[in-house]
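1. with the input below, show me the fold.
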Amino acid sequence: MKYDVIGDIHGCFDELCELLEKLGYKWLDSTFQHPDGRIPVFIGDLTDRGPASLQVIELIYQMVIKHKHALYVPGNHCNKLYRYFLGNPVVLQHGIETTVDELKQLSSNQQNRIQKKFKHLYEQAPLYLQLPDVNAIIAHAGIKETFIGRKDKKVKSFVLYGDVSGKTDEQGRPIRNDWAKHYQGNSWVIYGHTPVLQPRIIHHTVNIDTGCVFGNQLTSYRLPEHEIVSVPSKQPFLRDKFTTFDT
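-> Numbering: from 1, shown residues only. Below is the predicted model of the structure:
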């Protein structure tokens, strides 16, 4: 099979459609399909911060659940929205408030429909994907080689939130350890979660969260070609939201 792994969308619906079209997908029956049967893989964080989170949910539900020609793994923002839909106490900050504001513009029936679709999408999603035909693993925030094959609580935390150090920077954001710098696995790990200005490729890992919602790009990594395809963001550029690594 051939795959197009797509980085963190965060409600940037227009950029997602533009990227899919650039990748050769065609609009048919309320969904995007590729004439050559390529499979889009969504790497999590579908919603929050951007202008059209609900449209993103609707489209990816169509592609993954209804038509079954796309794959999806959850991100930390997906997990938080799911917990909100379950009625759990969730602090409405760090992006989810924009999705909740969108929901509040809908009727109660429409809200229930969106909730039902998203919960179904989330509940059927694997924690991470193993794609042995292209020697790749798709995990929202990455995965250590010793975690591959495991689904326990420690691995779930790592896959959703990254290798957190327990410390925060001067802006209050969590400081994460650079797990990719020390990765020694043979499988390629395609991930996102930490915004970078350009895709970061190191030790068989590729970070494709190029911060579309922060005004940079929405990026796809094509497998087995190992080709990068991006489209520019339509959002305001916020330089301080991006992480710079020493390698």
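2. in stretch 234-243, what counts as buried?
-> 235, 242-243 (16 or more other CB atoms under 10 Å). C-beta coordinates here come from the backbone N, C-alpha and C atoms, glycine included.
3. how much space separates the spatially most central residue of the chain from residue 168?
-> The centroid of the chain falls nearest to residue 44 when counting by CA atoms, centre = their mean (2.5 Å). Distance of residue 44 to residue 168, computed by CB to CB, to the nearest Å: 22 Å.
4. which parts of this protein are helices?
-> Per DSSP state H, the chain carries helices over the ranges 13-22, 53-61, 76-85, 96-104, 108-123, 153-161.
5. residue ranges in the chain under the pLDDT threshold?
-> 165, 169-174, 247 (pLDDT under 70).
6. how about a cut-off of 90?
-> 28-30, 164-177, 244-247 (pLDDT under 90).
7. spell out the residue ranges of the strands in it.
-> For the chain, the strands defined by DSSP state E cover 3-6, 26-28, 31-33, 39-42, 71-72, 129-131, 136-138, 164-168, 174-176, 188-191, 200-202, 205-207, 217-223, 227-232.
8. picking that back up, can you list the buried residues of stretch 234-243 in a markdown table and add distance to residue 56?
-> Shown next, in a markdown table, are those (distance: CB to CB, whole Å):
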| residue | distance to residue 56 |
| --- | --- |
| 235 | 14 |
| 242 | 22 |
| 243 | 23 |
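9. looking at these, spot the one nearest residue 139.
-> Nearest to residue 139 among the buried residues of stretch 234-243 is residue 243, at 17.5 Å by CB to CB.
10. the closest one and residue 146, how far apart?
-> Counting by CB to CB, the gap from residue 243 to residue 146 is 24 Å.
11. now for the residue nearest to the centre of the chain: which residues touch it?
-> Taking CB atoms under 8 Å, 6 or more residues apart in numbering as the criterion, residue 44 is in contact with 8, 72-78, 140, 160, 192-193.
12. ok, now residue 191?
-> Counting by CB under 8 Å, 6+ apart, residue 191 touches 43, 138-143, 205-209.
13. just put the residues you listed in JSON lines and tack on neighbour count and distance to residue 199.
-> Formatted as JSON lines, the contacts of residue 191 follow (neighbours: other CB atoms under 10 Å; distance: CB to CB, whole Å):
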{"residue": "43", "neighbour count": "30", "distance to residue 199": "12"}
{"residue": "138", "neighbour count": "26", "distance to residue 199": "14"}
{"residue": "139", "neighbour count": "29", "distance to residue 199": "16"}
{"residue": "140", "neighbour count": "28", "distance to residue 199": "15"}
{"residue": "141", "neighbour count": "26", "distance to residue 199": "15"}
{"residue": "142", "neighbour count": "25", "distance to residue 199": "13"}
{"residue": "143", "neighbour count": "27", "distance to residue 199": "18"}
{"residue": "205", "neighbour count": "21", "distance to residue 199": "10"}
{"residue": "206", "neighbour count": "23", "distance to residue 199": "6"}
{"residue": "207", "neighbour count": "26", "distance to residue 199": "6"}
{"residue": "208", "neighbour count": "24", "distance to residue 199": "5"}
{"residue": "209", "neighbour count": "31", "distance to residue 199": "9"}
